[in-house]
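**Q** Build me a model from this:
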Amino acid sequence: MINRTVRLDDLQSVLGSDHECFLSSASSKTAAVLTDVFLDSREVSAGSVFMALPGAELNGEDFVEDAIQRGAVVIIADKGVCQRLSASHKNVTFISVKNPRALVGTIADLFYPEKPKTLVAVTGTNGKSSVVDFIRQLWTLLGIKAASLGTIGTLFEGERLSYGLTTMDALALRKEFALLVEKGVTHVAMEASSHGLDQQRLCGIEVDISAFTNISHEHLDYHKNFKNYLDAKLMLFKKHTKKQGYAVLNADCAQIKAIKAACGQQRIVLFGRNGQDLCIEKIEFVDNLQRLFVRFFGRQYQIELPLMGWFQGYNVVCAIGVIIAGFSPDERHEKLEALIKLAKHLKPVPGRLEKAGSYNGANIYVDFAHTPDSLEAVLKAVRHQTDQRICVVFGCGGNRDSTKRKLMGEIAENAADYVIITDDNPRFEDPEKIRKAIKRYCPKAHEIGDRHLAIRQAIMDLNPGDVLVIAGKGHETGQIRGNQVLPFSDVIAVQSVLEEVNK
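**A** Below is the predicted model of the structure:
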């Protein structure tokens, strides 16, 4: 990966007047040319900058000494850290700023200025991963060098380049952009989570097109209330989308007026049942296909999708809206016709109603559904596939929004015929208490804490024609207990059970 070297005076110039420099003549010579910038002291190399950011669990100031030992010659931190440590490190330049986190993007741009030509960001409670993946797939089918960034990693030309957070921090994002540009990527679609937006992980980034999929009950343990949650998502449009950019919005959201108001002068494209631009008039389900009857910009079309779940129809229409917004008005009709034909080649997103196998004439699916809305949507989606039983294995995370337990229990009680409640990242909570809290609202459920055993029992109990959904983890490969992440994959668990019973 290529990055630029930066002079100390260039670094100081982008910080403006709102900083104070603690340096000696020795440190100014040592730091004359800077090689890179880091937020993690373990990655620091000789001649680099270390930014000591405050954090919820770990504080960067605790790792300043480690960064210096590894070769950092400039430390950016708050004033207290600089005053305390500068006297004992004469060969290191300390720069104090009031809000180091807000400057990460600005400083990262000095070292990693290259970005793909077209940037897209997608926010919403559910569907972000699917939408950015479908955007990447459709761009690629159009012959565009494209990548997607998000929960399932960085994907380019069928290869997963990295795994990461739903929204990377501002520095990691610049480094990822630089890597992608080096590979010839011109278009990137990325997820923008409410946590990422609130924690300024997109600071300094302005995208050309942004999209809003939907909003429902999620992350209230972090945001405290629904208003804060919505406000965090709307920061994508208020702070991180170009003024003359495009906003592709789900017109069926109850909060659509507030969402539109946040877009300012951006050009709005509305999709959904109530979409003025991209209207979904009807969805038919045939075997494992769905057929969408749509009206796009006043013209009638049919779209065939090899995807399960009505919500995936919405996600594809959102993706099409984003892609069309990126073309000039003269090109749009031709590109729209092409996209409608190409949609039948879309592949399912890992862990999103992913078929993991079958047993005794029953299909088994793994899905990331971990919110009330997404669990309900998935169970309704598979109802179209069978007139037999809908079976589900699920749990709720520990040390997270506990109000979801009641809602998800009620949904499982009403929408499924057979339920096993199991563990799903209990973290530091007592997993039995989590299971009992869910079961209070789903009395017909069986309770098996061991997730592998729960999956095994559900598979063994399948009758011909049943459908089993294992919800909560999707693509994930770990089970969080305490501060440990233990290896676990729902897909691998299913395959292991099937190998055992088919011997």
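**Q** rest of the way, CA atoms for contacts and neighbours
**A** Noted.
**Q** Quick check: what element follows the lengthiest helix in the chain along the chain?
**A** If you go by DSSP state H, the chain has its longest helix at helix 310-325. Using DSSP states H and E, the helix or strand that directly follows helix 310-325 along the chain is helix 329-342.
**Q** Check which residues of that following helix are buried.
**A** Burial within helix 329-342, assessed by neighbour count using 16 or more other Cα atoms under 10 Å, is assigned to 333, 335-336, 339-340, 342.
**Q** hmm, who's touching the strand or helix carrying L486?
**A** Assigned by DSSP H and E, L486 belongs to strand 484-487. Under the criterion Cα atoms under 8 Å, 6 or more residues apart in numbering, residues 477-480 lie in contact with strand 484-487.
**Q** Are we agreed that D109 is in a strand?
**A** No: according to DSSP: H, G, I helix; E, B strand; the rest coil, D109 belongs to no strand; its state is helix.
**Q** Make sure it is actually in contact with R174.
**A** Yes: shown here, D109 and R174 form a contact pair, counting by Cα atoms under 8 Å, at 7.0 Å.
**Q** Between these two, which is the more surrounded one?
**A** Comparing D109 with R174 by other Cα atoms under 10 Å, the one with more neighbours is R174, at 24 against 20.
**Q** you'd agree the more buried one is up against Y112?
**A** Yes: between R174 and Y112 a contact is recorded at 5.9 Å, counting by Cα under 8 Å.
**Q** Need the overlap of contacts for those two.
**A** Residues touching both R174 and Y112 by Cα under 8 Å, 6+ apart: none at all.
**Q** What residues sit buried inside stretch 455-467?
**A** Buried-residue list, stretch 455-467, by 16+ other Cα under 10 Å: 455-459, 462, 465-467.
**Q** Only the buried residues of whichever strand or helix holds D10, if you could.
**A** For D10, the host element (DSSP H and E) is helix 8-15. The neighbour-count check on helix 8-15 (16+ other Cα under 10 Å) flags 8, 11-12, 15 as buried.
**Q** picking that back up, nearest to Q244, of the buried residues of stretch 455-467?
**A** Within the buried residues of stretch 455-467, distances to Q244 taken as Cα to Cα reach their minimum at V467, with 46.6 Å.
**Q** coming back round to it: give the pairing partners of the strand holding L486; include direction for each.
**A** strand 478-481 (antiparallel) (DSSP bridges).
**Q** Export only the CA atoms of the partner strand, formatted as CSV.
**A** Extracted in CSV, the C-alpha atoms of strand 478-481 (Å, rounded to 0.1, in the frame of the first residue of the first chain):
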residue,chain,number,x,y,z
GLY,A,478,-17.4,-16.3,16.9
GLN,A,479,-19.4,-16.7,20.1
ILE,A,480,-18.6,-13.9,22.7
ARG,A,481,-18.5,-15.1,26.3
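**Q** Can you list the helices and strands that the particular helix or strand that has L234 in it packs against?
**A** Following DSSP H and E, the helix or strand that holds L234 is helix 226-239. Helices and strands touching helix 226-239, by 3 or more Cα pairs under 8 Å, 6 or more residues apart in numbering; DSSP states H and E, are strand 118-123, helix 194-198, helix 220-223, helix 256-262.
**Q** so which of those comes closest to E43?
**A** It's helix 194-198; of the helices and strands packed on helix 226-239, that one is closest to E43 (Cα to Cα) at 21.8 Å.
**Q** so what secondary structure elements neighbour the closest one?
**A** Helix 194-198 packs on helix 226-239, going by 3+ Cα pairs under 8 Å, 6+ apart.
**Q** In the following helix or strand past the helix it packs on, which residues are buried?
**A** Next helix or strand after helix 226-239 toward the C-terminus (DSSP H and E): strand 241-250. Neighbour-count burial for strand 241-250, counted by 16+ other Cα under 10 Å, picks out 241-243, 245-250.
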